[in-house]
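Student: Any chance you could fold what I've pasted below:
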Amino acid sequence: MSLNPSAVNAPRFGRALLALTAAATIAASPFAADTLGPAGSRGSGHAVAAYGLAMLSHDVGHNDWAFQGTTADGLGWAVTYLAVGLFCSAVAVWLRRRGGGYLGRVLTAAWGTLLLCAGLSVGAVWFAEGDSTFLAPLALHVADLCSPWWACVATTGVVAWSERNAAAARGVLAYAVVLAVLLLVPLPGPDAVKALVLAASAAGPALVTPRQWAGQTERVRPATG
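Tutor: Residues are numbered from 1 along each chain as shown. Prediction:
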C-alpha cells in the first residue's frame, strides 16, 4: 500500500532531536558528576536529595545524611533540571517554527517528566530516611534513577512516536538503556567518558540514514496540532 504524499513529504524531526540530545549531553560531559550524576558519583540522585532533606530538617552535622552531598551539588542539581527544561522548551519552539506542530506535546512531556523525576527523587529519599526495611535501598535506587535527562528521552520519544519514526525510536531506546545503566551501575572510569558514551548512543542512530537500517526505512506521518 502506497503512502500518502503528504506523509512522505512531512518534515521529519526525530533524528534531528537525537542529534540535539547528543550535543547537549556532550556539552554537559565536562561537568558530568554534577549534571548527569552517574552511579557512585557525588552527584547521584539520592546523594543530592539526601543532603537537601538534611538541610531542610536542620540535620546537617547530626546524621549520616549530612555527608551525602554539598550545597554546590544541590545547586548543580537544580541548575541541571532548569537547564534541561529550558533546552527542551527551546526544542519545542524550534519544532513549532519549522512546522512540526509538537509544541504542546513536547512541553508537556518535558516538564511533566522533570517534575515527576524531581518529586520521585526527593520522595524516595524521604521514604528511605525513615524506613529500616529492605525497601530503603530500593528507594535509593529509585532516587538514583530519577534524572532530568529523562526529559530528553520523553521529548524525542514523543516526536518519534508522532512521526512513526522507527529509526528515531531505536535511538531513543538506546539512549534510555545507556542512561539507566549509568545511573544504576557504578561503572569504573571518568564520569566525562560515561557522558560521552551516553551521547554516542543517541548520535549513532541520528547519523545513520534510514536506508542503512538493514534495508528498513523511516515511517512517518504528518504532525497534527
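
Student: sec struct for residue 86, please.
Tutor: Secondary structure of residue 86, reduced to three states by DSSP: H, G, I helix; E, B strand; the rest coil: helix.

Student: Burial check on it, number of neighbours?
Tutor: For residue 86, the neighbour count with other C-beta atoms under 10 Å is 11. In this view, the C-beta of every residue, glycine as well, is placed from N, C-alpha and C.

Student: where are the low-confidence patches of the chain?
Tutor: Along the chain, the model assigns pLDDT under 70 to residues 1-11, 41-74, 131, 209-225.

Student: could you redo the last one with a cut-off of 90?
Tutor: Counting by pLDDT under 90, the chain shows low-confidence ranges at 1-16, 28-81, 96-103, 117-148, 162-168, 170, 183-192, 203-225.

Student: Strands along that one, start to end?
Tutor: Using DSSP state E, no strands are assigned anywhere in the chain.

Student: Tell me the spacing between residue 19 and residue 119.
Tutor: 30 Å (C-beta to C-beta, to the nearest Å).

Student: ignore the last one, residue 141
Tutor: Counting by C-beta to C-beta, the gap from residue 141 to residue 119 is 16 Å.

Student: Between the two, point out the one with more neighbours.
Tutor: Using other C-beta under 10 Å as the criterion, residue 141 and residue 119 rank with residue 141 on top: 15 against 11.

Student: these two touch, right, the more buried one and residue 180?
Tutor: No - with contact defined as C-beta atoms under 8 Å, residue 141 and residue 180 do not form a contacting pair (10.8 Å).

Student: Now for the two: what residues contact both?
Tutor: Common contact partners of residue 141 and residue 180 (C-beta atoms under 8 Å, 6 or more residues apart in numbering): none.

Student: got the contact list for residue 110?
Tutor: 84-85, 88-89, 92, 151, 154-155.

Student: err, residue 195, not the other one
Tutor: So residue 195 contacts 25-26, 28-29, 32, 35-36, 38 (C-beta under 8 Å, 6+ apart).

Student: so which of those residues would you say is closest to residue 100?
Tutor: Of all the contacts of residue 195, residue 100 sits closest to residue 25, with 21.6 Å by C-beta to C-beta.

Student: what's the burial count for the closest one?
Tutor: Counted with other C-beta under 10 Å, residues neighbouring residue 25 total 25.

Student: for the contacts of residue 195, which one is nearest residue 109?
Tutor: Distances from residue 109 to the contacts of residue 195, taken by C-beta to C-beta, are shortest for residue 25, at 17.9 Å.
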